[in-house]
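1. Here is a sequence with its predicted model. Questions after.
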Amino acid sequence: MDQKIKNTKQKLLAEINLTKNISKLDSISTKYLGRKGEINKLFQSLSPKEKATYGKALNQLKKETEESIKKTETLLLNVKPKKEIDITMPGVKPTEGHLHLLTQTIEEVEEIFKSLGFIRRRYPEVETDWYYAEGLNIPKDHPARDDQETFYITPNIVLTAHTSNGQLREMERVKNPPIKMINIGKTYRRQASNTHSPMFHQFEGLMIDKGVNITHLIGISNYFVRQYFGPDREIRLRPHHFQFTEPSFEVDINCSICKGSGKKDNKTCPVCKAGWLELGGAGMVHPQVLKNGGLNPNKYSGFAFGWGVERIIMMKHQVSSNLRDLYSTDLRFLTQF
């Protein structure tokens with residue numbers, strides 16, 4: 001009888017372990033625990049004397065069988081059915097990324113100036129003092145060279161605060177103009193705050209040849225503004241002072257909201273306040289800078305401008321006055337562009 005009980009236990013446990021559905025489990029329960037089940041048959045085969053010896057073992061077998069069936073039933077009920085795939089249905093298109101707004105703008109700026117014959121160059125962001133300041137006619141006592149304004153690595157090595165270092169390097173590279181260069185790169189300044197970043201992007205334009213004058217600067221500036229901002233935009237030049245250009249100007253563009261009037265719905269324009277928005281600096285290359293670049297200022301003339309990539313983005317899209325928004329990871333903002 002011991003062997004029969006042992007064999008029955010091994011057999012029923014094997015069947016329970018192989019069960020994959022509730023219907024099969026119910027059949028096993030009936031087979032072993034029913035009135036005419038295997039365990040009851042063993043009970044009925046016992047003599048009165050054997051019941052005293054094996055009755056307890058059979059009751060234990062019945063209890064273990066019930067527990068095993070209940071445990072297996074719980075597991076089967078918690079198993080989620082496999083989702084059938086209908087191969088005839090169209091697939092779910094995954095989310096696609098895209099170029100960051102900064103990258104899009106840099107590529108657009110490059111293409112606009114390429115159409116005018118400018119060639120994009122890249123010059124160092126870690127620069128010597130000569131190309132960063134001295135060669136650009138910026139004296140040692142100028143505030144821009146103060147360590148509160150500029151990131152100095154050594155007394156003679158800096159992180160460039162502008163892209164104008166490319167002017168001298170391009171003159172040295174070409175040697176014999178014409179020169180039509182656009183230099184787009186990162187610049188660094190000690191101006192971190194809630195609305196500013198210590199790193200941002202600029203694009204520097206440089207055109208040098210015989211007979212280049214202010215009308216060329218105005219024409220190319222107008223072309224860029226209309227290509228990037230829209231055909232109804234205008235520019236104006238305001239006299240200014242930069243060490244490396246003479247004469248120097250601030251370039252403004254008319255506001256897209258009030259069209260340069262400074263008024264919107266008979267009220268002060270909420271964007272520009274006065275009809276114009278500052279784009280950036282420009283001017284005719286200073287004769288001393290031409291000399292420092294190895295060119296004869298009596299033979300060649302040229303103009304240069306340096307404008308901020310983030311600035312033109314904010315002016316075009318009117319996204320924010322906080323430059324740091326462009327470096328956020330907020331998809332609600334980034335997916336708009």
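-> Arrived safely, thanks for sending. For clarity, every value in this text was computed on a predicted model and none was experimentally measured.
2. Helices of the stretch 201-337 of the chain, start to end?
-> Secondary structure of the stretch 201-337 of the chain (DSSP state H, counting those that start in this stretch): helices located at 214-228, 287-292, 309-317, 331-334.
3. Out of these, which is closest to residue 152?
-> Proximity to residue 152, assessed across the helices of the stretch 201-337 of the chain by Cβ to Cβ, is greatest for helix 287-292 (21.2 Å). Every C-beta, even on glycine, is put in place using the N, C-alpha and C of the backbone.
4. Who are the packing partners of that closest one?
-> Judged by 3 or more Cβ pairs under 8 Å, 6 or more residues apart in numbering; DSSP states H and E, the packing partners of helix 287-292 are helix 165-174.
5. For residue 181, which of the helices of the stretch 201-337 of the chain is the nearest?
-> helix 214-228 (12.4 Å).
6. Tell me what angle that closest one forms with helix 309-317.
-> 60 degrees (axes from the mean of the first three to the mean of the last three Cα atoms, to 10 degrees).
7. CA atoms of helix 214-228 as PDB?
-> Provided in PDB are the C-alpha atoms of helix 214-228 (Å, rounded to 0.1, in the frame of the first residue of the first chain):
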ATOM      1  CA  ILE A 214      28.900 100.100 -46.700                       C
ATOM      2  CA  THR A 215      26.300  99.600 -49.500                       C
ATOM      3  CA  HIS A 216      27.500  95.900 -49.800                       C
ATOM      4  CA  LEU A 217      27.000  95.500 -46.100                       C
ATOM      5  CA  ILE A 218      23.500  96.900 -46.300                       C
ATOM      6  CA  GLY A 219      22.600  94.800 -49.300                       C
ATOM      7  CA  ILE A 220      23.800  91.500 -47.800                       C
ATOM      8  CA  SER A 221      22.200  92.300 -44.400                       C
ATOM      9  CA  ASN A 222      18.900  93.100 -46.100                       C
ATOM     10  CA  TYR A 223      19.100  89.900 -48.100                       C
ATOM     11  CA  PHE A 224      19.700  87.700 -45.100                       C
ATOM     12  CA  VAL A 225      17.000  89.400 -43.000                       C
ATOM     13  CA  ARG A 226      14.400  88.900 -45.800                       C
ATOM     14  CA  GLN A 227      15.400  85.300 -46.400                       C
ATOM     15  CA  TYR A 228      15.400  84.300 -42.800                       C
END
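8. Buried residues of it, list them for me.
-> Neighbour counts over helix 214-228 (16 or more other Cβ atoms under 10 Å) mark 216-218, 220-221, 224-228 as buried.
9. Same question for stretch 229-242.
-> Residues of stretch 229-242 classed as buried: 229, 233, 235-237, 242 (neighbour count, 16+ other Cβ under 10 Å).
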